[in-house]
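J.: Show me how the following folds:
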Amino acid sequence: MQKGIVPAPAMLKSELLPESPQTTAPRKNFLELLEEFVLLLRQRGYKPNTLKKYNSTLNHFREYHKEREPVDIEAYTLQVHNTFLVFLAEGYDFHPNTIASMVKNLKVFFKFCREEKGINLHADYLKLRAAYIEPEKIFLTEEELDKIMGLEMNHKLSKVRDAFLFACYTGLRYSDLFNLSTNHIVDKGPYKVINIMPQKTMSTQKKLNKRVEIVLVPQALEIIERYQGRSIKSLPVITNQRIE
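T.: Here you go, the predicted model:
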């Protein structure tokens, strides 16, 4: 009143209950967001093989991060990206396709940051590239497969040989081969088939929800029968790393 101001309820309220300054949580840097993203994939039930690829990308970015200032997600430019690629190529001598796979993982991560976290990314994220080299496709002839079948090996190596040959005769990828059980073998009378739901996802990232039947040729059937009755698994397939 001394100042000639007519008091109003809102004014009185603001004087008696002043608003406390809003504190905002510090923004996470690139590495922290990538860690959050990989954890989220695990919580969403992604398959172990998929998680393994993202964890590999995360671990290598951790190594990259150790000797550098924290990278701001909004400042991830082509220059930063190219520095990371050089780090991978020179520090680990990775094949270009391994690096290209990591870049593919980063693109999925950036999509998560933009669509789910609402982060304004630098326009360069749309230009992220890594050279991919089309691998040479090789195959074994029937004569070469017969030679491998006829090799004398110890008990452990013969199991690896049988699993490899079975994959050649059926076209099964490792994940399906590893999970193959006696329940997947169906007797059709004059012949037997493998009836499975493939584990692999299609390029559209949609599940191939369709069962397939693979006829067991005599060589594949011979391998299956060799291990019949030993366990619920059709073949004694060991981990992919030990096979290699």
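
J.: can you pull the buried residues of stretch 146-162?
T.: For stretch 146-162, burial by neighbour count (16 or more other Cβ atoms under 10 Å) applies to 159, 160, 162. (Glycine included, C-beta is placed from N, CA and C.)

J.: where does the chain dip in pLDDT?
T.: 1, 18-26, 199-209, 230-232, 239-244 (pLDDT under 70).

J.: before we move on, the earlier item: keep only those of the buried residues of stretch 146-162 that are in helices.
T.: Among the buried residues of stretch 146-162, DSSP state H puts 159, 160, 162 in helices.

J.: any idea how far the spatially most central residue of the chain lies from residue 115?
T.: Among the residues of the chain, the one closest to the centroid is residue 50, at 2.6 Å (Cα atoms, centre = their mean). Distance, residue 50 to residue 115, using Cβ to Cβ, to the nearest Å: 19 Å.

J.: for stretch 149-158, the distance to its chain's centre please.
T.: In terms of Cα atoms, centre = their mean, to the nearest Å, the centre of stretch 149-158 is set 33 Å apart from its chain centre.

J.: rewinding a little: for residue 110, see how far away the residue nearest to the centre of the chain is.
T.: Computed with Cβ to Cβ, the distance linking residue 50 and residue 110 is 17 Å.

J.: What are the contacting residues of stretch 214-228?
T.: For stretch 214-228, the external contacting residues (Cβ atoms under 8 Å, 6 or more residues apart in numbering) are 145, 149, 162, 165-166, 169-172, 182, 185, 191-194, 196, 234-236.

J.: List the buried residues for it?
T.: Result for stretch 214-228 [16+ other Cβ under 10 Å]: buried residues 214, 216, 219, 220, 221, 223, 224, 227.

J.: could those go into JSON lines alongside secondary structure?
T.: Output for those, formatted as JSON lines (DSSP: H, G, I helix; E, B strand; the rest coil):
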{"residue": "214", "secondary structure": "strand"}
{"residue": "216", "secondary structure": "coil"}
{"residue": "219", "secondary structure": "helix"}
{"residue": "220", "secondary structure": "helix"}
{"residue": "221", "secondary structure": "helix"}
{"residue": "223", "secondary structure": "helix"}
{"residue": "224", "secondary structure": "helix"}
{"residue": "227", "secondary structure": "coil"}
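
J.: quick one on the thing from earlier: which members of the contacts of stretch 214-228 are positioned in strands?
T.: Applying DSSP state E to these, the entries found in strands are 185, 192, 193, 194, 196.

J.: can you pull the contacts of the fourth one?
T.: By Cβ under 8 Å, 6+ apart, the residues touching residue 194 are 170, 172, 180, 184, 185, 186, 213, 214, 216.

J.: make it 10 Å
T.: By Cβ atoms under 10 Å, 6 or more residues apart in numbering, the residues touching residue 194 are 166, 170-172, 176-177, 180, 184-186, 212-216, 220, 224, 234.

J.: partner residues bridging it?
T.: Using DSSP bridges, the bridge partners assigned to residue 194 are residue 185, residue 214.

J.: quick one: the strands in the chain?
T.: Using DSSP E, strands in the chain cover 185-187, 192-196, 212-215.
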